[in-house]
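S.K.: Take this sequence and fold it.
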Amino acid sequence: MSERPLPLTFPLHGTRLIEASAGTGKTFTLAALYLRLVLGHGGEAAFPRPLLPPEILVVTFTEAATEELRERIRDRLAEAARAFAGDRAGGDPILDELLADYPDPDQRAAAARRLDAAAQWMDEAAIYTIHGFCNRMLKQHAFDSGSLFNLELNEDASEEQHRAACDYWRTVIGRFPAAAAPALRGA
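M.R.: Modelled structure (predicted):
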């Protein structure tokens, strides 16, 4: 038998980083890892217990990516639920391997129910952009963080950047001797 695909052997405990370029299968891999977290799959590499969507944090860069991830993971969970319920033709290496790890019909039926519940619960999934997650944490933990409850995300930071640049010039560059001006101009 060939080597198992990485998404099925990747450790789901501790701190891990997945870094990949565009078009390399990040969404596919994340969906497979999500399946494993919902199932509690992986033996030594598994998370200590099965999880449901509100307990799994996925953070990405753009709003479009969060929506794509949410839909693709929902679809993958529903597809896996059908497979575990016995409704599939085969040919998907991830699902084939997962099914092989759950040979008992009662285990498969329980997994199908769990996967179906997770697919239905994806509206509550913790899938955020980086700034969206940070904003949510600041609001949820306003007392602990010393921040305001009514924080607003400012997408355009140009005014703050301009003020920071002015502060820098005033406090750092302003101390330079006048003779340094030609060097600062690049002359």
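S.K.: if I look at His162, how far off is Ala181?
M.R.: Relative to Ala181, His162 is positioned 21 Å away (CB to CB, to the nearest Å). Quick note: C-beta positions are derived from backbone N, CA and C, even for glycine.
S.K.: where does the residue nearest to the spatial centre of the chain land in three-state SS?
M.R.: By CA atoms, centre = their mean, the chain has its centre lying nearest to Val58, at 2.0 Å. Put simply, Val58 is strand when judged by DSSP: H, G, I helix; E, B strand; the rest coil.
S.K.: ok, what's across the strand from it?
M.R.: Ile127 (DSSP bridges).
S.K.: check contacts around Glu79.
M.R.: Applying CB atoms under 8 Å, 6 or more residues apart in numbering, we find Glu79 in contact with 88, 92, 95.
S.K.: got the contact list for the last one?
M.R.: Pointing back at Leu95 there. 79-80, 83, 88.
S.K.: Dump the helix or strand of the chain with the lowest mean pLDDT to PDB, restricted to CA.
M.R.: Lowest by mean pLDDT, DSSP states H and E among the helices and strands of the chain is helix 142-145, with a mean of 74. C-alpha atoms of helix 142-145 as PDB (Å, rounded to 0.1, in the frame of the first residue of the first chain):
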ATOM      1  CA  ALA A 142     -12.700  44.000  26.500                       C
ATOM      2  CA  PHE A 143     -12.200  44.100  30.200                       C
ATOM      3  CA  ASP A 144      -9.100  41.900  30.100                       C
ATOM      4  CA  SER A 145      -7.600  43.800  27.200                       C
END
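S.K.: And the next helix or strand past that helix?
M.R.: helix 158-171 (DSSP states H and E).
S.K.: roughly how far out does that next one sit from the chain middle?
M.R.: Chain-centre distance of helix 158-171: 33 Å, with CA atoms, centre = their mean, to the nearest Å.
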